[in-house]
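**Student:** return a 3D structure for these sequence lines:
(one chain, ligands or ions: 1)
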Amino acid sequence: MNKAQLKKIKNTILKKETLVFDKLNKSQKTQLFKFNESYKDFLNQSKTEKKAALQIVQMAKAEGFVDIETLLTKQSKQANKVYKIFQGRCVALAVLGKEPLLSGANIIASHIDSPRLDLKQNPIYEDLSMGLMKTHYYGGIRKYHWLALPLALHGTIITSDNKPIDITIGEDPDDPVFTVTDLLPHLAGKTQANKKISEVFQGEKLNLLSGSIPLGEEKEKDRIKLHLLNLLFEKYGVTEEDFISAEIEAVPASKARDIGFDRSLIGSYGQDDRICVYTSLMALLDRHDKYRQRTSIALFFDKEEIGSEGSSGAKSNFLEDLISDLLYINGQDTDNRTLRKTLINSSCLSADVNAAMDPDYKDVHEALNAAKLGFGICMTKFTGVAGKSGSNDATAEFVGKIRQIFNENKIVWQTGELGKIDQGGGGTVAKFLAKFGMNVLDCGPAILSMHSPFEISSKADVYMTYLGYKAFYEKNNS
Ligand SMILES: [Zn+2]
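**Tutor:** From the prediction side, this is the model:
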């Protein structure tokens, strides 16, 4: 066998790994950087699930989407681009296709919530003449990531007369911020050495430093706490009891930033999973009208980080309600059988991040099956822990179909597993959609420092994920 023959064999049978930047021409690279500027803006405007939901709806409205409720109650005439928002926390966008919905939709499902520190319902207290607020962390965090960091507050307080008061403090450069203090290294040794991380960093110590000026005479008790509450009363008209009916989230106060001399990476809070939210949203909004055979749906769920529970999570009936509404406005039967068949005939990409291999922690991955930064959108056939437990294990047939769509549309893709076998693991919304009988595949970019206050993505992967999702919406026909 000569060299040329060997080369031909290699080219034919070996799987190639492609760095996205090797595949793009100059104008595509310009497009890539432009796309990522808008992505950073989206991240900065969407620090909480409610703000993300609001952004999605605003962007959809600007593209002519109408609230599905107005069609159901006959306030609007027919429309084929609709949105549905539930409790302000869970959103769906749909573009109706020319085929009857019963033949199935192309669905991309992501989640708009991210790990954070929530204020407790009785948050404000004082200690050592400092005003503090107690938090309860939400989602999987490494607690020490949240120490000695400027944090912003976002949320809503419902007052005793049922008035919602929206609060955002810490995002404007002139705003004050809040922080969780940490022990100095000089004194940490004896207290923390030889202890387990879980013992050193405790949830009950994630308290936000919030002030230090007293109100009233020296003999008064809890004067700092009183001063904080008085400031809140003067500015927002809220009392201590109002925090019982409040959702206030502490999130990193920083903005999304470029990383590296070449500006090829993005560091930001909340990229899991707003990276998939933005790319699937743009894929739907930019989907070319000539590929309108099948209905396209983008789902944006809340509560994924705490197990997809609750009325706005993927375990809820939101998708069934949406499909039932869509069948109704489309003039089709809305009986249970039609609903079930529509769901079974649908295909879904569960849009969530995977863990990219970290140069400093390679040993938690198995190199042959780990995703890498910059190598495109990642197809994850299964997630789960131990023996794939708790995972949606996509069928080979559906993976094959998506792979074919990606290859035909020059999407740079890779595959990944969430770490080595028995190393740990995790899950996504995939299994909650698969229960309806539809094909579901986990598919999204891989990131570094996942669930930290500063998660890292590759701009190349962001762009390729957008193109991959767009190809799925446009080209998946069954
Ligand atoms: Zn996620």
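**Student:** and Ile85, helix, strand or coil?
**Tutor:** strand (DSSP: H, G, I helix; E, B strand; the rest coil).
**Student:** surely it touches Val91?
**Tutor:** Yes - at 5.0 Å, Ile85 and Val91 qualify as touching, with contact defined as C-beta atoms under 8 Å. Every C-beta, even on glycine, is put in place using the N, C-alpha and C of the backbone.
**Student:** find residues that contact each of the two.
**Tutor:** Between them, Ile85 and Val91 share the neighbouring residues Ala53, Val57, with contact defined by C-beta atoms under 8 Å, 6 or more residues apart in numbering.
**Student:** more neighbours: which of those two?
**Tutor:** Summary of the neighbour comparison: Ile85 and Val91, criterion other C-beta atoms under 10 Å, with Val91 having more neighbours (28 against 20).
**Student:** so who does the residue of the stretch 51-200 of the chain found nearest the ion touch?
**Tutor:** When you check the stretch 51-200 of the chain against the ion by C-beta to the ion, the closest residue turns out to be His111, at 5.7 Å. Applying C-beta under 8 Å, 6+ apart, one finds that His111 lies in contact with 273, 276-277, 300-305, 308, 314, 352, 429.
**Student:** and those near the ion, which?
**Tutor:** Among those, the ones lying close to the ion by the criterion of C-beta under 5 Å from the ion are Asp273, Asp352.
**Student:** show me which of the contacts of His111 are buried.
**Tutor:** 273, 276-277, 300-305, 308, 314, 352, 429 (16 or more other C-beta atoms under 10 Å).
**Student:** let me know the closest of these to Glu234.
**Tutor:** Comparing these against Glu234 with C-beta to C-beta picks out Asp302 as the nearest, at 32.4 Å.
**Student:** how is the chain partitioned into domains?
**Tutor:** If the domains of the chain are taken from automatic domain parsing, they occupy 14-114+269-475, 116-252, with pieces of a single domain joined by a plus sign.
**Student:** including mean pLDDT and distance to Phe261, could those go into JSON lines?
**Tutor:** Listed next are the domains of the chain as JSON lines, based on pLDDT from 0 to 100; distance: least, C-beta to C-beta, whole Å:
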{"stretch": "domain 14-114+269-475", "mean pLDDT": "95", "distance to Phe261": "14"}
{"stretch": "domain 116-252", "mean pLDDT": "95", "distance to Phe261": "24"}
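**Student:** what's the closest of the ones you listed to Gln5?
**Tutor:** For the domains of the chain, distance to Gln5 was read as C-beta to C-beta. The smallest value, 14.3 Å, belongs to domain 14-114+269-475.
**Student:** quick one: that closest one to chain centroid distance?
**Tutor:** Domain 14-114+269-475 has its average C-alpha position 10 Å from the chain's average C-alpha position, going by C-alpha atoms, centre = their mean, to the nearest Å.
**Student:** get me the contact residues on the stretch 351-478 of the chain for the ion.
**Tutor:** Applying the criterion C-beta under 5 Å from the ion, the portion of the stretch 351-478 of the chain that neighbours the ion consists of Asp352.
**Student:** what number of residues lie near Gly260?
**Tutor:** The number of residues packed near Gly260 is 12, by other C-beta under 10 Å.
**Student:** from the ion, how far off is it?
**Tutor:** Counting by C-beta to the ion, to the nearest Å, the gap from Gly260 to the ion is 24 Å.
**Student:** find me the pLDDT at that residue, would you?
**Tutor:** What the model reports as pLDDT for Gly260 is 98.
**Student:** isn't Lys84 right up against Leu72?
**Tutor:** No - contact criterion C-beta under 8 Å: Lys84 and Leu72 do not qualify, at 9.7 Å.
**Student:** out of the two, which sits in the busier spot?
**Tutor:** Lys84 (22 against 14).
**Student:** who's in contact with the more buried one?
**Tutor:** Neighbour list for Lys84: Asp67, Ile68, Glu69, Val91, Ala92, Ala94, Asp321, Leu322, Asp325 [criterion: C-beta under 8 Å, 6+ apart].
**Student:** doesn't Arg337 fall inside a strand?
**Tutor:** No - the assignment for Arg337 by three-state DSSP gives helix, which leaves it out of any strand.
**Student:** assign a three-state SS to the residue in the stretch 301-450 of the chain that the ion sits nearest to, would you?
**Tutor:** Nearest to the ion in the stretch 301-450 of the chain, going by C-beta to the ion, is Asp352, at a distance of 4.3 Å. State at Asp352, reduced to three classes by three-state DSSP: coil.
**Student:** now do the same contact list for it.
**Tutor:** Contacts for Asp352 (C-beta under 8 Å, 6+ apart) come out as Ser110, His111, Asp272, Asp273, Cys276, Glu304, Thr428, Val429, Ala430, Asp442, Gly444.
**Student:** so what's the backbone phi/psi at the second one?
**Tutor:** This means His111. Phi and psi for His111, reported as degrees, to the nearest 10, are phi -130, psi 140.
**Student:** that one pairs with what?
**Tutor:** As for beta bridges, His111 partners with Phe301 under DSSP bridges.
**Student:** next: Ala250.
**Tutor:** Judged by DSSP bridges, the bridge partners of Ala250 are Leu117, Leu153.
**Student:** for the longest helix anywhere in the chain, which positions count as buried?
**Tutor:** When the chain is parsed with DSSP state H, its longest helix is helix 26-45. By neighbour count on 16+ other C-beta under 10 Å, the buried set for helix 26-45 is Leu32, Phe35, Asn36, Tyr39, Lys40, Phe42, Leu43, Asn44.
**Student:** ok, now which ones touch the second one?
**Tutor:** The neighbourhood of Phe35, defined by C-beta under 8 Å, 6+ apart, consists of Met282, Val462, Tyr463, Tyr466.
**Student:** in PyMOL, how would I select just the buried ones from the residues you listed?
**Tutor:** The following PyMOL line selects those of the contacts of Phe35 that are buried, judged by 16+ other C-beta under 10 Å:
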select buried, resi 282+462+463+466
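**Student:** which of the contacts of Phe35 fall within helices?
**Tutor:** Of these, the ones assigned to helices by DSSP H are Met282, Val462, Tyr463, Tyr466.
**Student:** and which of the buried residues of helix 26-45 is nearest Gln78?
**Tutor:** Within the set of the buried residues of helix 26-45, Phe42 lies nearest Gln78; the separation is 30.0 Å, counting by C-beta to C-beta.
**Student:** list the contacts of the residue nearest to Lys50 when sequence neighbours are not counted.
**Tutor:** Computed as C-beta to C-beta, 6 or more residues apart in numbering, the closest residue to Lys50 that is not its neighbour in sequence is Gly88, at 5.4 Å. Contact partners of Gly88, counting by C-beta under 8 Å, 6+ apart, are Lys50, Ala53, Leu54.
**Student:** what about the first one, which SS state?
**Tutor:** Classification of Lys50 by three-state DSSP places it in helix.
**Student:** now it: how far from Leu117?
**Tutor:** Using C-beta to C-beta, to the nearest Å, we find Lys50 at a distance of 16 Å from Leu117.
**Student:** settle it for me: which of those two has more neighbours?
**Tutor:** Set side by side, Lys50 and Leu117 give different neighbour counts by other C-beta under 10 Å, the larger being at Leu117 (27 against 21).
**Student:** re earlier: identify the contacts common to Lys84 and Leu72.
**Tutor:** Applying C-beta under 8 Å, 6+ apart, one finds that Lys84 and Leu72 are jointly contacted by Asp325.
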